[in-house]
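> This is the structure alone, sequence omitted:
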């Protein structure tokens, strides 16, 4: 199994793991405790329209801030207080990057690193590409370190040199915590009074949820019940 | 002082440090013990023509192998057995990348990390960009870790998140040694019987040489005698 690391765009035709540690990935993982499905929508107005039509909760941010008309922001802590059938989510980077990936996609973070790594290894045929969401096209340290944390749980794979560099960088937990808390994204969240979210996003393996994007909805592959039906790339023509 | 990290092309208009650990950077640093100047030439045939005209030693490789008509390969160990006024050098990546950088440029490696960092901090006005040579446009782990080693010696600077990731990855010396020895570049050199070069390239701070590319020649800034005259970017129109 080949494991590579990319920024924003995926190099794999097989399986991708999208990583947007602060905070889309973490929010999605946490949300799957209380929601059956998540509908990621890039456009804020479309998201609002859909939430009214479908009568479901809507969460999202632009530049870290909750969007005014939305029920809640992109907060993994706040989302745990809510529940429902479907959650609509729109974020600055995460949902946009998700919609750009053209192969089967899982969603990974520090809080589900081990579980997402295990499911990816079962699901992929030959090539797992870990896709860092980054910040508006730029490298983001927290996603690089989150990727390294996921790679830690992949044994007997052929790592690209970039993937190996993320693994090396994420070896020391205290240094990783310090670096993520000191990242540009974390500083921005701190300014917005959302530092508790940063601390939550750094918890390790507290969730077994494995979000899978089927081209329209994000569902939970936690118990692998649906593995048989998703061994091929989804048809995205309808999304 | 801002410190950033780039692949192949420089983002700075101020000062760059080119890093091609295996082996151009290391060979250049080592060569400055016994040569006054190095003329880096991208084109192999031009290099040959110049060496005949100037009657000087010519070193170089393509894909790791010594070029047949040349005196020696791109070997930091072999170069130490030679001496002269001028050395002509051509390598697959290093010399090509060097010629692409448009600001003042130093050359860094594991063997001169501390010295090159110190001189860079004295020489730069506001922005040091560490440029990994990579391999034919691709990320190379040894250059990322070499960059991290140089960054270690830069205190009180504002690191970009990518630069910080290299610093994090290069914290554990044993892991760095293992990763570089296991890199694609090292494996290729091993196959060519050049593993001793890899081990040499991993020595830490055995040289105080600080190669400076003046747009035509690489000279030694070891003792900083010429610092006054190079506080501006060189005029490359004649090179």
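The structure has been received and is ready for your questions. This structure is a prediction, so every number in the text was calculated from the model and none was measured.

> contact partners of whichever helix or strand residue A:87 is part of?
With the criterion set as DSSP states H and E, the secondary-structure element containing residue A:87 is strand A:84-90. Contacts with strand A:84-90, where a contact means Cβ atoms under 8 Å, 6 or more residues apart in numbering or on different chains, come from A:24, A:27-28, A:31, A:34-44, A:47, A:50-51, A:54, A:56-61, A:67, A:74, A:79, A:95, A:217. To be clear about C-beta, it is placed using only N, CA and C from the backbone, and glycine gets the same treatment.

> Please state the mean pLDDT value computed over the very next helix or strand once past that strand.
Using DSSP H and E, the helix or strand that follows strand A:84-90 towards the C-terminus is helix A:94-100. Taken as a whole, helix A:94-100 carries a mean pLDDT of 89.

> How about the contacts made by the closest residue to residue A:82 other than its chain neighbours?
Nearest-residue entry for residue A:82: residue A:57, 5.7 Å, with adjacent residues in sequence omitted and distances by Cβ to Cβ, 6 or more residues apart in numbering or on different chains. By Cβ under 8 Å, 6+ apart, residue A:57 lies in contact with A:35, A:51, A:71, A:72, A:82, A:84, A:86, A:87, A:88.

> just curious, which of those residues is nearest to chain B?
Within these, proximity to chain B (Cβ to the nearest Cβ) peaks at residue A:72, which comes in at 27.9 Å.

> Is the closest one bridged to anything, and to what?
In this structure, residue A:72 has beta-bridge partners residue A:59, where bridges are defined by DSSP bridges.

> ok, back up a step: just the ones of the contacts of strand A:84-90 in helices?
The helices, defined by DSSP state H, take in A:24, A:27, A:28, A:31, A:44, A:47, A:50, A:51, A:54, A:95 from the contacts of strand A:84-90.

> Do you know the pLDDT at the fifth one?
Here the pLDDT value assigned to residue A:44 is 93.

> Do I have it right that it meets residue A:58?
No: Residue A:44 lies out of contact with residue A:58 (Cβ atoms under 8 Å); the separation is 9.6 Å.

> Give me the angle between the strand holding residue A:87 and helix A:44-54.
Direction vectors for strand A:84-90 and helix A:44-54, defined by axes from the mean of the first three to the mean of the last three Cα atoms, to 10 degrees, enclose an angle of 170 degrees.

> any idea of the mean pLDDT for strand A:84-90?
Averaged across strand A:84-90, the pLDDT comes to 96.

> Pull out the buried residues from it.
By 16 or more other Cβ atoms under 10 Å in any protein chain shown, the buried positions in strand A:84-90 come out as A:86, A:87, A:88, A:89, A:90.

> same thing with stretch A:11-24?
Burial within stretch A:11-24, assessed by neighbour count using 16+ other Cβ under 10 Å, is assigned to A:12, A:14, A:15, A:16, A:17, A:18, A:19, A:20, A:21, A:22, A:23, A:24.
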